[in-house]
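Trainee: with the input below, show me the fold.
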Amino acid sequence: MRLVIALLAGLMLVAGTEPRVEARLRDVARLQGVRGNQLLGYGVVVGLDGTGDKDQTKFTVQSLTNLLARQGITINPTQVKVKNVAAVMVTGELPAFAKPGQKMDVTVSSTGDAKSLAGGTLLMTPLHAPDGQVYAVAQGPLLVGGFSASAGGSSVTKNHPTAGRIPDGALVERGVPGDFNSRESLRYSLQEEDFTTAVRVVETINGELGDRSARALDARTIEVALPEAFKGRAVELVARLENLPVQLQSKARVVVNEKTGTVIMGSDVKIGAVSIVQGGLSIAVSSTPQVSQPAPLSQGRTVAADKKDLTVNEEKPKALAIQPGVSVGRLAEMLQAAGVTPRDLVAILQAIKDAGALQAELRIL
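Mentor: The predicted model follows:
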């Protein structure tokens, strides 16, 4: 494939006016310190219909033996059959400000060679945080969105039967300590860093509070010092600020999915004047088996040989003249109408970017 991108004389780059999008502060920024915490635990799922771990899975046998021992039952590990039992890892996220007695969802995933967790019940499993403390305990029947069945050497599997969820399956036993109202300041982190948006957030907050409590620390972080009227009432201040409308400055960005040929771009993305010439060269080599027979009464032997055929096919180049101000979406339509493949479309957009005619960030998935 040959791809040539040539700038026309007097390249004109059209930088369209960037549109402003209005959104609430809570939708474009996150309050630092208000987040969930990851929890992890190791447990056992019982009640499986012969789809559990195999006897060779030693840690499952050991886990079941220890579990029975805690119930006052002593058994020889060599006599334990675990086909109805599976060792699992349990994960969940402790919500911000969670208090003892609240419930949370957990995900249960097989760690051994179980075929399916469908129909199983997770036994009491402590969930630990990175600090080693137990913050929740999970237990309950699993919801599995798949199944696995086998008979006579044949098997059928749908979706992923070795992982499932337990809605409200964990009970919070310990909350994360902290007094939110005792804060002296708040810090917001923008979802995407942008100096213009950061300054506009500061202006919006200061305009609402009537002072200069807010300041931008960088392109992503905004700090708000609590005014005297809100000392000890940080929750009320957050509730007042999070619904403030903020004018966002959208970035010029083009996202291309090479697999599907999908092109997504903002309305402000334009292309300068360029000329595109795209053609394809394909070379095919074929091999045809043939037999070489010697002359009668000669000393030669019959030999099998391959006949090589080389075919070269060069497509007629496709030429497009792009006028200044054309959007990327319109360009993609023109190229697809000309028979350009998704792979070539990605190469063309990348070449236009390299030529300086695409003033936008190009992301390829």
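Trainee: just the helices in this protein please.
Mentor: For the chain, the helices defined by DSSP state H occupy 25-28, 58-70, 195-209, 234-241, 328-337, 342-355.
Trainee: among these, which is nearest Met265?
Mentor: Nearest to Met265, of all the helices of the chain, is helix 328-337, at 4.4 Å by C-beta to C-beta. All C-beta atoms are positioned from the backbone trio N, CA, C, and that covers glycine.
Trainee: which strands or helices does that closest one pack on?
Mentor: Where contact means 3 or more C-beta pairs under 8 Å, 6 or more residues apart in numbering; DSSP states H and E, helix 328-337 is packed against strand 262-265, strand 270-271, strand 318-322, helix 342-355.
Trainee: which of those is buried the deepest?
Mentor: When you average the neighbours per residue for each of the helices and strands packed on helix 328-337 (mean count of other C-beta atoms under 10 Å), strand 270-271 leads with a mean of 24.
Trainee: OK, contacts around the closest residue to Asn37 other than its chain neighbours?
Mentor: Closest residue in space to Asn37, ignoring its immediate chain neighbours: Leu94 at 4.4 Å, by C-beta to C-beta, 6 or more residues apart in numbering. Going by C-beta atoms under 8 Å, 6 or more residues apart in numbering, Leu94 touches 36-39, 104, 129, 135-136, 172, 176.
Trainee: so how far is Leu248 from Ala86?
Mentor: 48 Å (C-beta to C-beta, to the nearest Å).
Trainee: more neighbours, these two?
Mentor: Shown here are Ala86 and Leu248; by other C-beta atoms under 10 Å, Ala86 has more neighbours (31 against 22).
Trainee: ok, that one touching Leu117?
Mentor: Yes. Using C-beta atoms under 8 Å, Ala86 is in contact with Leu117, at 6.1 Å.
Trainee: okay, and the common contacts of the two?
Mentor: In terms of C-beta under 8 Å, 6+ apart, Ala86 and Leu117 are both contacted by the residues 45, 48, 51, 110.
Trainee: counting neighbours, which of those comes out on top?
Mentor: Val45 (27 neighbours).
Trainee: once you drop chain neighbours, what's closest to it?
Mentor: Spatial nearest neighbour of Val45, chain neighbours left out: Gly120 (4.0 Å); criterion: C-beta to C-beta, 6+ apart.
Trainee: returning to that earlier point: lowest-confidence entry in the contacts of Leu94?
Mentor: Of all the contacts of Leu94, Val176 carries the smallest pLDDT score, 86.
Trainee: I'd like to know how many residues surround that residue.
Mentor: For Val176, the count of nearby residues is 16 (other C-beta under 10 Å).
Trainee: coming back round to it: out of the helices and strands packed on helix 328-337, the one nearest Ala163 is which?
Mentor: Closest of the helices and strands packed on helix 328-337 to Ala163 is strand 262-265, at 29.3 Å (criterion: C-beta to C-beta).
Trainee: if we can go back for a sec, are any of the contacts of Leu94 buried, and if so which?
Mentor: Buried by 16 or more other C-beta atoms under 10 Å: 39, 104, 129, 135-136, 172, 176, out of these.
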